[in-house]
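Show me the folded form of this:
(2 chains)
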Protein chains: 2
Amino acid sequence: MNIYRYEENPLITPADVKPYHEGFEVIGAFNAGVAEYNGEVLLLLRIAERPVSSDPRIVKAPVYNTRTRELDILEFRTDDERYDFSDPRVIRNVHQSASFEYLTSLSYIRLARSKDGHRFTIEDQPLVYPAQCLETFGIEDPRVTQIEDTYYIYFSAVSPVGIGESMVSTKDFVTFTHHGMIFGPDNKDVLIFPEKIGGKYYALHRPTTKSTGNPEMWIAESDNLVYWGNHKHLAGLREGMWDSGRIGGGAVPIRTEKGWLELYHGATKEHRYCMGALLLDPNDPSKVIARSSRPIMEPEADYEKNGFFGDVVFSCGALVHGDVVKMYYGVADTSMACAELSLSEILDSLAYE
Amino acid sequence: MNIYRYEENPLITPADVKPYHEGFEVIGAFNAGVAEYNGEVLLLLRIAERPVSSDPRIVKAPVYNTRTRELDILEFRTDDERYDFSDPRVIRNVHQSASFEYLTSLSYIRLARSKDGHRFTIEDQPLVYPAQCLETFGIEDPRVTQIEDTYYIYFSAVSPVGIGESMVSTKDFVTFTHHGMIFGPDNKDVLIFPEKIGGKYYALHRPTTKSTGNPEMWIAESDNLVYWGNHKHLAGLREGMWDSGRIGGGAVPIRTEKGWLELYHGATKEHRYCMGALLLDPNDPSKVIARSSRPIMEPEADYEKNGFFGDVVFSCGALVHGDVVKMYYGVADTSMACAELSLSEILDSLAYE
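Residues are numbered from 1 along each chain as shown, chains lettered A, B, ... in the order given. The predicted model follows:
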């Protein structure tokens, strides 16, 4: 696979972003949804901000307060034996090590604009910010689907009751309509197809199950983009391969002559995140036609291997112009990068089932 | 609370049910959905059948094969150190003790009919049986909502990829339409309201989350009963109380003058299952008006305390005639019973928020 990583990579880093909250530091500007609007490339950045702690014995957790509409800052002592602080992203109860109790940062969505897709200007204010009780721990990993003149922006909504997927829509990136939570918990990595297929809307989604099963890709259908049903399992983990630990949708599905191409992320059990591709039936996207045996992209560059959470390439959106796929992607849970791949090369690389 | 338990309790036990599968034993006839049809009371029983094992060192797991349309029987040796057999209901991987790999029984739905609601005749054939790849481990805990002349029957669909909620509908209990999975995994304890409220259908549901959060009650809305969205958290666990471990909807919500009354189950962390009630706003059922401080019913009778999984009263449906609530309920994950309670007494017992 020929991959052209932009010379400017990483395109946006936390150092480029002024914190929105006083006393906070930006630790991530990554996993951006992508849109084209008014001749510009828009990156809907996931910005993660963390309260600065001057005392290394104190870990802080920001929580959006729906009543005051401000952040409460909870403080935990690292010697508090009830909690496990080993993962810098979360605070766990030592008796429930599979789940988390708090996050150490709060994420929201902020806009970056570019004429050339390489050099971005980052806005000072949030574009979409936590506003509801299902978003008090933040909103993460946005994706954007344009249908006619409306942009549907959906993201993981995180709160003490779980992680689901919520959606807002806009025509102008100024005024927004909130459509509530479209996929209940636990769910993330939703990708809405950009047009109806056989009279129905479709979306990929990624439940995280507790009873049995693995973090795998599902597909659902809708007639209004807000209510979803007819859930089907789409693609699973593959033992011993690059996507043996977890998988989830990445970019908005791309219509090609051979079918719907989905650029998805797969991780090993050791949390090394690569990008691969699925080809879905053009008339029934619940059927997988072909899939990447090997990743189309792996973490290789220094900025992909090192960061807040290293060895991660994680795309939430791509632009397709002719045969060129401009894949924007988060690196190391820290920054944004872009790489160009050939659409036909990706299609030719797939293993047909 | 005055509770009149039927003298005939338990009304139906596994001994009353002839196994459908050759070489199997019925270990449960319980957690039935309830309907009234043609002047009869129908119980849509969850029947759990287990392959008979003559060798105590062998544990068997039945799995529906969608290709052959028959059951495959997998066999496991109890001295196989890769597996944990301590819970007789499931086979776990020792390295993933929070989830299961196989079930030791397969559940499906079978009909019992009664003129008086006390003495039931059980049909020989399944009413609803696993038929799809999302149902290969069985279908469990049906509920029935009648809307006009259509009966919507929905149940937990269990398979290796998780537990979701699927739905069929019928007008005559002879021919059925399958509507697919209406709530993706992990989800169970769905209860569809029997009429539109403010122009929308509503359903309670119970996600089981892994990332964070607890097994608690949510509510969603729909315009066609098949696609669901606008998920909201409805009611949570209460530390130190009878519903501190898990909660979920029980009977189809009952319209009363004070609001929608939901009879729900709550369990302690030690898995003692009781029934309680929630009162929801008549015009916006996502708002809780009142809730039981103490259970309206607890496992007290011998048949409720002892069985395959003891100390369980678990209702999936009730009939309301005037002030009388005829609550049918599963006991000890084994049999069916019924008790009559007073609607006004339940309403008067609630603690208003």
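
Tally up the residues packed near A:Ala290, please.
A:Ala290 is flanked by 18 other residues according to other C-beta atoms under 10 Å in any protein chain shown. C-beta coordinates here come from the backbone N, C-alpha and C atoms, glycine included.

That one and A:Ile254, how far apart?
14 Å (C-beta to C-beta, to the nearest Å).

hang on, A:Glu345 in a helix?
Yes - membership of A:Glu345 in a helix is supported by DSSP: H, G, I helix; E, B strand; the rest coil.

Identify the residues contacting it.
Residues near A:Glu345 by C-beta atoms under 8 Å, 6 or more residues apart in numbering or on different chains: A:1-2.

From A:Gly33, how far off is the most centrally placed residue in chain A?
Computing the C-alpha centroid of chain A and ranking residues by C-alpha atoms, centre = their mean puts A:Asp141 first, at 2.9 Å. According to C-beta to C-beta, A:Asp141 and A:Gly33 sit 8 Å apart.

what touches both of these two?
A:155, A:316.

Which stretches in the stretch 51-200 of chain A count as strands?
A:58-65, A:70-77, A:83-84, A:90-93, A:102-103, A:106-114, A:121-128, A:138-147, A:150-159, A:162-170, A:177-183, A:187-192 (DSSP state E, counting those that start in this stretch).

right, so these: which one is the most enclosed?
Across the strands of the stretch 51-200 of chain A, averaging neighbours per residue (mean count of other C-beta atoms under 10 Å in any protein chain shown) puts strand A:187-192 on top, at a mean of 26.

Parallel or antiparallel, list what pairs with that one.
Using DSSP bridges, the strands paired with strand A:187-192 are strand A:201-207 (antiparallel).

what comes into contact with the partner strand?
Taking C-beta under 8 Å, 6+ apart as the rule, strand A:201-207 contacts A:165, A:183, A:186-193, A:213, A:215-225, A:228, A:231, A:234, A:247-249, A:253, A:262, A:285-286, B:162, B:184-186.

CA-only coordinates of it in CSV, if you can.
What follows is strand A:201-207, C-alpha atoms only, in CSV (Å, rounded to 0.1, in the frame of the first residue of the first chain):
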residue,chain,number,x,y,z
TYR,A,201,-30.8,4.8,6.2
TYR,A,202,-28.0,2.6,7.7
ALA,A,203,-25.4,3.0,10.4
LEU,A,204,-22.5,1.0,11.6
HIS,A,205,-22.2,0.8,15.4
ARG,A,206,-20.0,-0.8,18.0
PRO,A,207,-21.7,-2.2,21.1
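
Can you check what angle separates that strand from strand A:138-147?
Following axes from the mean of the first three to the mean of the last three C-alpha atoms, to 10 degrees, one obtains 160 degrees for the angle between strand A:201-207 and strand A:138-147.

Strand A:201-207 vs strand A:150-159, what angle?
20 degrees.

before we move on, back to that, may I see the ChimeraX selection of the buried members of the contacts of strand A:201-207?
Those of these that count as buried under 16 or more other C-beta atoms under 10 Å in any protein chain shown are selected in ChimeraX with:
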select /A:165,183,186,187,188,189,190,191,192,193,213,215,216,217,218,219,220,221,222,223,225,228,231,234,247,248,249,253,262,285,286 /B:162,184,185,186
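
sorry, back to before: I'd like the strands of the stretch 51-200 of chain A as JSON lines, with mean pLDDT appended.
Converted to JSON lines, the strands of the stretch 51-200 of chain A look like this (pLDDT from 0 to 100):
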{"stretch": "strand A:58-65", "mean pLDDT": "97"}
{"stretch": "strand A:70-77", "mean pLDDT": "97"}
{"stretch": "strand A:83-84", "mean pLDDT": "96"}
{"stretch": "strand A:90-93", "mean pLDDT": "95"}
{"stretch": "strand A:102-103", "mean pLDDT": "97"}
{"stretch": "strand A:106-114", "mean pLDDT": "98"}
{"stretch": "strand A:121-128", "mean pLDDT": "98"}
{"stretch": "strand A:138-147", "mean pLDDT": "98"}
{"stretch": "strand A:150-159", "mean pLDDT": "98"}
{"stretch": "strand A:162-170", "mean pLDDT": "98"}
{"stretch": "strand A:177-183", "mean pLDDT": "98"}
{"stretch": "strand A:187-192", "mean pLDDT": "98"}
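
And the ones you listed: which comes nearest B:Glu22?
strand A:187-192 (40.6 Å; C-beta to C-beta).

Give me the distance from that closest one to the chain's centre.
8 Å (C-alpha atoms, centre = their mean, to the nearest Å).

Tell me the buried residues in stretch A:269-285?
In stretch A:269-285, counting by 16+ other C-beta under 10 Å, buried: A:272-280, A:285.

wait, does it contact chain B?
No - judged by C-beta under 8 Å from any C-beta of the partner chain, stretch A:269-285 and chain B are separated, with a smallest distance of 11.3 Å.

and A:Glu304, what element?
helix A:302-305 (DSSP states H and E).

That helix - contacts with which helices or strands?
Counting contacts by 3 or more C-beta pairs under 8 Å, 6 or more residues apart in numbering or on different chains; DSSP states H and E, helix A:302-305 is packed against strand A:335-342.

The strand it packs on - what's its average pLDDT?
Averaging pLDDT along strand A:335-342 yields 98.

State the distance from A:Glu300 to chain B.
Note on A:Glu300: its distance to chain B, by C-beta to the nearest C-beta, to the nearest Å, is 29 Å.

and A:Asp72, what does it touch?
A:Asp72 neighbours (C-beta under 8 Å, 6+ apart): A:62-65.

Pick the one among those residues closest to chain B.
Within the contacts of A:Asp72, the smallest distance to chain B is 12.4 Å, found for A:Val63 (C-beta to the nearest C-beta).

Give me the longest strand you can find in chain A.
If you go by DSSP state E, chain A has its longest strand at strand A:24-37.

ok and the residue in the stretch 251-353 of chain A nearest chain B?
For the stretch 251-353 of chain A, C-beta to the nearest C-beta, closest residue to chain B: A:Ser286, 10.3 Å.

Confirm that that residue sits in a helix.
No - A:Ser286 sits outside any helix when classified using three-state DSSP, being coil.

Contacts only, for it.
A:202, A:219, A:232, A:234, A:280.

Which pair in those has the greatest spatial separation?
The widest separation within these (C-beta to C-beta) is 11.6 Å, between A:Lys232 and A:Leu280.

picking that back up, the longest strand of chain A: which residues count as buried?
Here strand A:24-37 shows A:24, A:26-35, A:37 as buried, counting by 16+ other C-beta under 10 Å.

Show me what it is packed against.
By 3+ C-beta pairs under 8 Å, 6+ apart, strand A:24-37 packs against strand A:40-51, strand A:106-114, strand A:138-147, strand A:150-159, strand A:313-321, strand A:324-331, strand A:335-342.

Against chain B, how distant is the nearest residue to A:Asp149 once chain neighbours are set aside?
Of all residues not flanking A:Asp149 in the chain, A:Lys171 sits nearest, at 5.5 Å (C-beta to C-beta, 6 or more residues apart in numbering or on different chains). Distance of A:Lys171 to chain B, given as C-beta to the nearest C-beta: 21 Å.

surely A:Lys171 meets A:Tyr151?
Yes - the criterion here is C-beta atoms under 8 Å, and A:Lys171 meets it with A:Tyr151 at 7.1 Å.

and the stretch 201-350 of chain A, which residues reach chain B?
Near chain B, when you scan the stretch 201-350 of chain A using C-beta under 8 Å from any C-beta, you find A:205, A:207-214, A:216, A:218, A:220-224, A:226-233, A:236.

With the stretch 51-200 of chain A instead?
Taking C-beta under 8 Å from any C-beta as the criterion, the contact residues of the stretch 51-200 of chain A with chain B come out as A:98-101, A:133-134, A:158-164, A:179-187.
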